[in-house]
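Asker: sequence and predicted structure below; questions after.
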Amino acid sequence: MGNLILCHDRHAAHPYEITRIHCRIFTIEELCYYLCNNLYLIDYTIMNGQLCDWLDEDLGMKSLASELRDVLRLHGSVEKFVLTILKSSRLYREPEMIRIQNVLEHLKNQKDIERQKYKGDNLLESGEVEEAILVYQAILNGEKDETVDEKFYGKIYESLGAAYGRLFLYQESAKMYDRAYQICADKTLIKPYLYASYKYMSLEEYHILITKSEEYMEINAQMRREVDKINEQVSVEPEPGILEKWKRSHRRSHT
């Protein structure tokens, strides 16, 4: 039987408004839900006396409000402020609290745009590919951030290449890997670029592509040797799907 999670029944007569997104909150559950779903966007604006007063006067959570006022008085971190709220609510089990704490620690000194990329990377890693693509596209379509170098954007294109590949959108994947290579000049990006190109091009088109560059020819030959090696390691009757398993493993190594 799973553990019971305590829910609070206090509903504020007057909502607290998260000014950054104009979100009105009436309960501690709603506040915690907002915090946990916006860890990548949380900044110092969430730390203020008004939130402490609201928790004290509207929700009757005097002890929590007092703890948060102490964090403010001692110039504590945003991370400590948020974790104090989440722990006091008793809505989250220990493994989830550890995960949240690790995310906050990772984000502590990052810029907003780096937080966004980290969010996209986590979504991609957890299999939420479409959501990750939306995050990456929002970064690329937004105003350029001059506080990060150009290679940061190259990494975004690389991540998009990996994401499109997981959706079998190989033409889009190849375009993103190519763009990433043009920016980063990282030769490790050539292999996933050629793989994605091979998956959507005709054999004639692919042959024309690889003959444009000796490096392309060399990497293509390397990829063929890798496949041949896998074939040699399996029995005469290959396990169904073995090549596809290798391809999936290969794609993951470039995410």
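Answerer: Received, thanks. Residues are numbered from 1 along each chain as shown.
Asker: name the helix or strand for the closest residue to Tyr40 other than its chain neighbours, please.
Answerer: Of all residues beyond its chain neighbours, the one nearest Tyr40 is Lys119 (4.0 Å), with distances taken as Cβ to Cβ, 6 or more residues apart in numbering. C-beta here means a position set from N, CA and C on the backbone, and glycine is covered the same way. If you go by DSSP states H and E, Lys119 is part of helix 112-125.
Asker: tabulate the CA atom coordinates of that helix in CSV.
Answerer: Extracted C-alpha coordinates of helix 112-125, given in CSV (Å, rounded to 0.1, in the frame of the first residue of the first chain):
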residue,chain,number,x,y,z
ASP,A,112,17.6,32.3,-17.4
ILE,A,113,18.5,31.0,-20.9
GLU,A,114,20.7,28.3,-19.4
ARG,A,115,17.8,27.3,-17.1
GLN,A,116,15.6,27.0,-20.2
LYS,A,117,18.1,24.7,-21.9
TYR,A,118,18.4,22.6,-18.8
LYS,A,119,14.6,22.2,-18.7
GLY,A,120,14.6,21.1,-22.4
ASP,A,121,17.4,18.6,-21.7
ASN,A,122,15.6,17.1,-18.8
LEU,A,123,12.4,16.8,-20.8
LEU,A,124,14.3,15.1,-23.6
GLU,A,125,16.0,12.7,-21.3
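Asker: what about the helices in the stretch 1-150 of the chain?
Answerer: Per DSSP state H, counting those that start in this stretch, the stretch 1-150 of the chain carries helices over the ranges 28-37, 49-57, 62-73, 78-89, 94-107, 112-125, 129-141, 150-166.
Asker: any idea which of these is most buried?
Answerer: helix 150-166 (a mean of 21; mean count of other Cβ atoms under 10 Å).
Asker: counting contacts, what elements does that one pack onto?
Answerer: helix 112-125, helix 129-141, helix 170-184, helix 190-200, helix 242-252 (3 or more Cβ pairs under 8 Å, 6 or more residues apart in numbering; DSSP states H and E).
Asker: pLDDT of the fourth one, averaged?
Answerer: Put plainly, it is helix 190-200. In this model, helix 190-200 has an average pLDDT of 96.
Asker: who touches it?
Answerer: The contact list for helix 190-200, computed with Cβ atoms under 8 Å, 6 or more residues apart in numbering, reads 161-162, 164-165, 168, 170-171, 173-174, 177-178, 181, 206, 209-210, 215-216, 219-220, 222-223, 247, 250-251, 254.
Asker: looking at the helices of the stretch 1-150 of the chain, which is nearest to Ala13?
Answerer: Among the helices of the stretch 1-150 of the chain, helix 49-57 comes nearest to Ala13, with 9.9 Å by Cβ to Cβ.
Asker: now the closest one: average pLDDT?
Answerer: Summarised as a single mean, pLDDT over helix 49-57 is 94.
Asker: picking that back up, want to try TSV for the helices and strands packed on helix 150-166, with distance to Phe152 as columns?
Answerer: As requested, the helices and strands packed on helix 150-166 are exported to TSV (distance: least, Cβ to Cβ, whole Å):
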stretch	distance to Phe152
helix 112-125	8
helix 129-141	9
helix 170-184	9
helix 190-200	19
helix 242-252	22
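Asker: so in the chain, which helix runs the longest?
Answerer: The residue-count maximum for a helix in the chain (DSSP state H) belongs to helix 214-233.
Asker: next, the angle from the helix holding Lys119 to helix 94-107.
Answerer: With axes from the mean of the first three to the mean of the last three Cα atoms, to 10 degrees as the basis, helix 112-125 and helix 94-107 are set at 140 degrees to each other.
Asker: now helix 112-125, how far from the chain's geometric center?
Answerer: 3 Å (Cα atoms, centre = their mean, to the nearest Å).
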